[in-house]
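Participant: Next input, structure requested:
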Amino acid sequence: MSAVYPARGRMFRPWKNGGGETAEIVVSPPHAGFEDFDWRISTALVASDGPFSAFPGIDRVLTVIEGGPMRLSLAGVERELDAQSPPLAFPGEVPCSATLTGAPVLDFNVMVRRPLRAEVTRSPLPLPPEPLAEAPLARLALLLAAGGGLSRLDLLDLAQASPALRRQLQGVPAILVTLRRG
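Facilitator: I've put the predicted structure just below:
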């Protein structure tokens, strides 16, 4: 894995169901498709109302980065999300549809195949070393502001980043992702 997955040059492609666009940032194993990834991190553009793709056996975490609000209907339960909302976790097989109630949305998506699990939070970047109860599969951060020579929306692999870069980025707003074995 690389230490930095830059935002520039990301290519948006149609969703699995064709209802929107997504830009894959990183997938494991490398080059895996929708049917055989262990975990996948991407951003998506939601510019119109409609259903989300179904992903049986996958747990999803969606975080709105900008735009909205967007109302998600998950198995009949309504949730409104905007750029200040906490990340929303839900099973990929649960029927989900979006209704935009404001501007188009750019969101950040983490998908893991069970029994893997993902923890996603909005938080400033911490300094290393950070004690962890168990060794994670991966620890990444989507930068919500530029810093340390990196651009907004670059994804940083915290395990691969040098301590000097981590110090430069301390306190930068980010979406932190920790991937663990079930």
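
Participant: Which strand or helix spans residue 22?
Facilitator: In the assignment (DSSP states H and E), residue 22 maps to strand 21-28.

Participant: tell me the strands in this protein, going along the chain?
Facilitator: Assigned by DSSP state E, the chain shows strands spanning 4-5, 13-14, 21-28, 39-46, 50-51, 58-74, 77-81, 88-91, 96-113, 117-124, 138-143, 155-157, 173-180.

Participant: Just list the residues touching the residue lying farthest from the centre of the chain, thanks.
Facilitator: The centre of the chain is farthest from one residue, residue 164, which by CA atoms, centre = their mean lies 24.7 Å away. Listed by CB atoms under 8 Å, 6 or more residues apart in numbering, residue 164 has no contact partners. C-beta coordinates here come from the backbone N, C-alpha and C atoms, glycine included.

Participant: which intervals of the chain have sub-threshold pLDDT?
Facilitator: Under the criterion of pLDDT under 70, the regions of the chain flagged as low confidence span 1, 127-134.

Participant: Outline the domain layout of it.
Facilitator: The chain breaks down by automatic domain parsing into domains covering 8-113, 117-180.

Participant: Residue 115 contacts residue 181, doesn't it?
Facilitator: Yes - contact criterion CB atoms under 8 Å: residue 115 and residue 181 qualify, at 7.0 Å.

Participant: Among the domains of the chain, which comes closest to residue 2?
Facilitator: Of all the domains of the chain, domain 117-180 sits nearest to residue 2, with 6.6 Å by CB to CB.

Participant: Residues touching stretch 58-66, excluding its own?
Facilitator: Contact with stretch 58-66 is made by 43, 70, 72, 81-83, 85-93, 105-114, 116-118, 120, 122, 142, 144, 153, 175, 177, as judged by CB under 8 Å, 6+ apart.
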